[in-house]
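> Next come a sequence and a model predicted from it.
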Amino acid sequence: MGANILDILNNATLAQAGTSEEYQDIILDFSEIVVTKHNKYSMSELQEMATGLLIGGLQQPLVVGRVDGAYWLVSGHRRIAGIEILLSEGHEEFRNIPCRYKDMTKTEFRIALLVGNTFNRRMTDYDLMVQAQEWKEVLTQARKDGDLKLDKGERVRDYVAVVLGESSGKIGTLEAINNQAIPEVKEQFQNGNLGITATAAAATLPKEQQKEIADHVAAGQDVKAEEIKAIAEEEKGKKKKTVEERQQEQNVSDTDTNEEEKANAAKLHVLKMLGNYYTWMNEEEKGILERILEDCKRRKREYALPMD
């Protein structure tokens, strides 16, 4: 039976702290602890962390998840970075590290790590976009694994919004930016030079126009969200006109085709009827049909169409 989002978050919070009864104590060699690419913690002031460890020692065990037999770090990234500095300076007494561990799936590990990344620091809208994508990935996988149960009518996006404390609409906007904006626009969004409204509007434009806007912003120009939205509306109008023109052309083509098909169908009907009544035809009528046939062949040659 799948769990709801609160169950998942509660379990992940316990995983961050390593306080669940399921955790066991273990001493691991520094080389056995895997720091995954999924960590988004701030890694500043590491030398100060190393100095603090040297003076006061490791006050709390690291928290790790045993995933497929390997020990992946859940909590304690700055501490293990500080230990790495100390080991490089020859302090081998820090090589064997007290840890608490439990067995986890890859999805459980990522959720536990995301809880720390999400709730332990302030995030910009760009950070929210990145976090929203990661939460979507892990919750989608949790749903596939049967660990997350959605109520009828609910979407994964709704759960991502709950986790991040944002509206579902804003999460949808961030998802659209992540999917549609080119890297240069995302870079200006990350740097704070484009707000969420301006970035969302820019993301709707063709790539060439997105690049142009990003270049202007990178050069220090103050491009307003209203300006980008106006460009987007103009582009939308062009697309709508093009679609309408294509539809009109298609309608004309369909009309022409229909009229031509109707005429050909009428001719074919006459020929079929002749097939039913040809035994009643006299010589004069036969001669008329032969002349009609020869005339059709002549016209076909004049239009340079291949003969049968």
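Yes, it's here.

> Which strand or helix spans R122?
For R122, there is no host helix or strand (DSSP states H and E).

> For L128, see how far away it is.
If you measure R122 against L128 using CB to CB, to the nearest Å, the figure is 11 Å. C-beta: built from backbone N, CA, C; applies to glycine.

> So if I had to pick from those two, which one is more boxed in?
L128 (20 against 5; other CB atoms under 10 Å).

> Count the neighbours of D151 for me.
Per other CB under 10 Å, the neighbour tally for D151 reads 8.

> next one: the one 5 residues further on
By the measure other CB under 10 Å, the count of residues near V156 is 18.

> I'd like to know how far it sits from G165.
Separation of V156 from G165 (CB to CB) stands at 16 Å.

> same deal with Y126?
Distance of Y126 to G165, computed by CB to CB: 16 Å.

> Comparing these two, which shows the higher neighbour count?
Under the criterion of other CB under 10 Å, the comparison of Y126 against G165 puts Y126 first, with 21 against 9.

> Backbone torsions only: list them for that one.
In this entry, Y126 is assigned phi and psi values of phi -70, psi -40 (degrees, to the nearest 10).

> Spatially nearest residue to it (excluding sequence neighbours)?
On the basis of CB to CB, 6 or more residues apart in numbering, the spatially nearest residue to Y126 that is not a chain neighbour turns out to be Q190, at 4.4 Å.

> Then K211?
Leaving aside its sequence neighbours, K211 sits nearest to E184 (CB to CB, 6+ apart; 5.8 Å).

> same question, G65
Across the structure, with CB to CB, 6+ apart as the measure, the residue nearest G65 apart from its sequence neighbours is M104 (3.7 Å).

> for L54, same thing?
Across the structure, with CB to CB, 6+ apart as the measure, the residue nearest L54 apart from its sequence neighbours is L86 (6.1 Å).

> Tell me which helix or strand the one you found sits in.
When elements are defined using DSSP H and E, L86 is found to belong to helix 77-88.

> Alpha carbons only: can I get that helix in PDB?
Included here for helix 77-88 are C-alpha records, laid out as PDB according to Å, rounded to 0.1, in the frame of the first residue of the first chain:
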ATOM      1  CA  HIS A  77      28.400  16.900   3.900                       C
ATOM      2  CA  ARG A  78      30.400  19.800   5.400                       C
ATOM      3  CA  ARG A  79      31.700  17.600   8.100                       C
ATOM      4  CA  ILE A  80      33.000  14.900   5.700                       C
ATOM      5  CA  ALA A  81      34.600  17.700   3.600                       C
ATOM      6  CA  GLY A  82      36.300  19.000   6.700                       C
ATOM      7  CA  ILE A  83      37.500  15.400   7.500                       C
ATOM      8  CA  GLU A  84      38.900  15.200   4.000                       C
ATOM      9  CA  ILE A  85      41.000  18.300   4.600                       C
ATOM     10  CA  LEU A  86      42.300  16.900   7.900                       C
ATOM     11  CA  LEU A  87      43.200  13.600   6.200                       C
ATOM     12  CA  SER A  88      45.100  15.500   3.500                       C
END
